[in-house]
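Engineer: Need a 3D model of the following:
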Amino acid sequence: MQKGGSKKQIFKPQHQPRPGSETEMDPEPVFDRPEIKGNNKLVNKIALITGGDSGIGKAVAILFAKEGANVAIAYLRENKDARETKKIIEEQYGRQCLLIPGDLTKEKHCTTVVKKTTKEFGRIDILVNNAAVHYDNKTLEELTTREMLKTFYTNIFSYIWITKSALKGMKEGSCIINSSSVTAYRGSPSLMDYSATKGAIVAFTRSLSANLIRRGIRVNGVAPGPVWTPLIISSFKAKKAAKHGSDSPMQRAAQPVEIAPSYLFLACEDASYISGQFLHPNGGEIING
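Structural biologist: Numbers count the residues shown, from 1 in each chain. So this is what the prediction gives:
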């Protein structure tokens with residue numbers, strides 16, 4: 001894993017059909033640092049993570065398990081990646097992992113995800129809304145209504161539906177963490193609808209934080225910069241995917257393992273006085289807002 005920004009990073013050109021498979025990426029994303037031991041920051045906590053089969057969600061699920069949490073993972077249909085994540089959580093870190101495949105663009109399934117999680121574990125202490133999709137378009141005219149609706153249903157509607165259902169059983173001391181993006185703050189000329197949803201996530205997070213503060217439930221978010229995940233190689237053409245992140249200040253994309261600690265910090269007691277805020281692991285880009 002590249003450590004600094006002295007040399008521009010270029011990946012091997014590659015493309016996969018949506019939603020992409022992490023195990024077929026070259027190089028495969030780095031999702032864990034097994035040499036670093038956990039510190040019991042989330043012992044016996046129950047976490048529900050959407051999009052937890054691969055990418056950032058996978059790294060977060062594994063880190064949470066390393067810190068003592070049992071995890072439920074909601075994902076679309078990437079069963080091979082999901083099974084690998086479950087194996088690591090259960091065999092390497094000794095925690096339980098519930099896999100819940102299905103389409104999060106359907107409100108009924110979002111409700112089902114919450115019901116299955118609470119049935120298995122009894123409650124939800126940490127909710128991580130992380131599932132996402134994007135479509136690369138050179139102009140607004142190229143953006144189809146089908147793509148736009150898919151992006152909004154996945155990236156923001158599912159967050160609201162999952163959270164609405166989960167809140168019925170979340171108690172004081174619980175927390176919610178939403179995945180936004182650096183594009184919410186500076187836009188993206190080829191990801192206009194995606195950036196709009198990520199901006200909506202920022203507004204939703206801050207509004208929900210104010211709404212829930214008297215109930216003792218913290219709401220925060222993470223706004224990563226470029227990260228090497230299946231979303232990239234399934235959304236962009238091969239040559240563009242190869243250069244992903246090379247225009248960031250550090251001249252490289254992050255590995256998911258570099259993003260996951262931001263979620264851990266917001267989930268544990270270290271962040272007990274923090275709500276309505278965003279962390280920005282983005283490779284050095286200066287953000288206002």
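
Engineer: Report the rounded mean pLDDT for stretch 99-115.
Structural biologist: Averaged across stretch 99-115, the pLDDT comes to 98.

Engineer: Might you calculate how far it sits from the centre of the chain?
Structural biologist: How far stretch 99-115 lies from its chain's middle: 16 Å, per Cα atoms, centre = their mean, to the nearest Å.

Engineer: now the helices: where do they sit in the chain?
Structural biologist: Along the chain, counting by DSSP state H, helices occupy 55-66, 79-87, 107-121, 145-152, 158-166, 183-186, 192-212, 230-235, 238-242, 256-267.

Engineer: With only the CA atoms kept, save the fourth one in CSV.
Structural biologist: So the one you mean is helix 145-152. The C-alpha trace of helix 145-152 is given here as CSV (Å, rounded to 0.1, in the frame of the first residue of the first chain):
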residue,chain,number,x,y,z
THR,A,145,-33.8,9.5,-15.8
ARG,A,146,-33.3,5.8,-15.1
GLU,A,147,-29.7,6.4,-13.9
MET,A,148,-30.7,9.4,-11.9
LEU,A,149,-33.5,7.6,-10.1
LYS,A,150,-31.3,4.6,-9.4
THR,A,151,-28.7,7.0,-7.9
PHE,A,152,-31.1,8.8,-5.7
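
Engineer: So which of the helices of the chain is the most surrounded?
Structural biologist: Stretch with highest mean neighbour count among the helices of the chain: helix 55-66 (a mean of 29; mean count of other Cβ atoms under 10 Å). Bear in mind the C-beta positions are built from the backbone N, C-alpha and C, glycine included.

Engineer: Who are the packing partners of that one?
Structural biologist: strand 46-50, strand 70-75, helix 79-87, strand 126-129, helix 256-267 (3 or more Cβ pairs under 8 Å, 6 or more residues apart in numbering; DSSP states H and E).

Engineer: can you name the farthest residue from the center of the chain?
Structural biologist: residue 141 (28.7 Å; Cα atoms, centre = their mean).

Engineer: how close does that residue sit to residue 124?
Structural biologist: Distance check for residue 141 against residue 124: by Cβ to Cβ, to the nearest Å, it reads 42 Å.

Engineer: One more: residue 55?
Structural biologist: From residue 55 over to residue 124 (counting by Cβ to Cβ), the distance is 21 Å.

Engineer: Also residue 40?
Structural biologist: 20 Å.

Engineer: between these two, which one's more packed in?
Structural biologist: residue 124 (24 against 11; other Cβ atoms under 10 Å).

Engineer: Okay, now the unreliable bits of the protein?
Structural biologist: 1-6, 289 (pLDDT under 70).

Engineer: Return stretch 65-83 as PDB; C-alpha atoms alone will do.
Structural biologist: Output of stretch 65-83 as PDB, limited to C-alpha atoms (Å, rounded to 0.1, in the frame of the first residue of the first chain):
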ATOM      1  CA  ALA A  65     -15.500  -6.800  14.400                       C
ATOM      2  CA  LYS A  66     -11.900  -6.500  15.400                       C
ATOM      3  CA  GLU A  67     -13.000  -4.000  18.000                       C
ATOM      4  CA  GLY A  68     -15.600  -6.400  19.400                       C
ATOM      5  CA  ALA A  69     -18.900  -5.700  17.500                       C
ATOM      6  CA  ASN A  70     -21.200  -8.200  15.900                       C
ATOM      7  CA  VAL A  71     -22.200  -7.100  12.400                       C
ATOM      8  CA  ALA A  72     -25.100  -7.300   9.900                       C
ATOM      9  CA  ILE A  73     -24.200  -6.500   6.300                       C
ATOM     10  CA  ALA A  74     -26.800  -5.500   3.800                       C
ATOM     11  CA  TYR A  75     -25.700  -5.700   0.100                       C
ATOM     12  CA  LEU A  76     -27.100  -6.200  -3.400                       C
ATOM     13  CA  ARG A  77     -25.900  -9.500  -4.800                       C
ATOM     14  CA  GLU A  78     -22.100  -9.600  -4.500                       C
ATOM     15  CA  ASN A  79     -22.300 -13.000  -2.700                       C
ATOM     16  CA  LYS A  80     -18.600 -14.000  -3.200                       C
ATOM     17  CA  ASP A  81     -17.400 -10.700  -1.600                       C
ATOM     18  CA  ALA A  82     -19.900 -10.900   1.200                       C
ATOM     19  CA  ARG A  83     -19.000 -14.500   2.100                       C
END
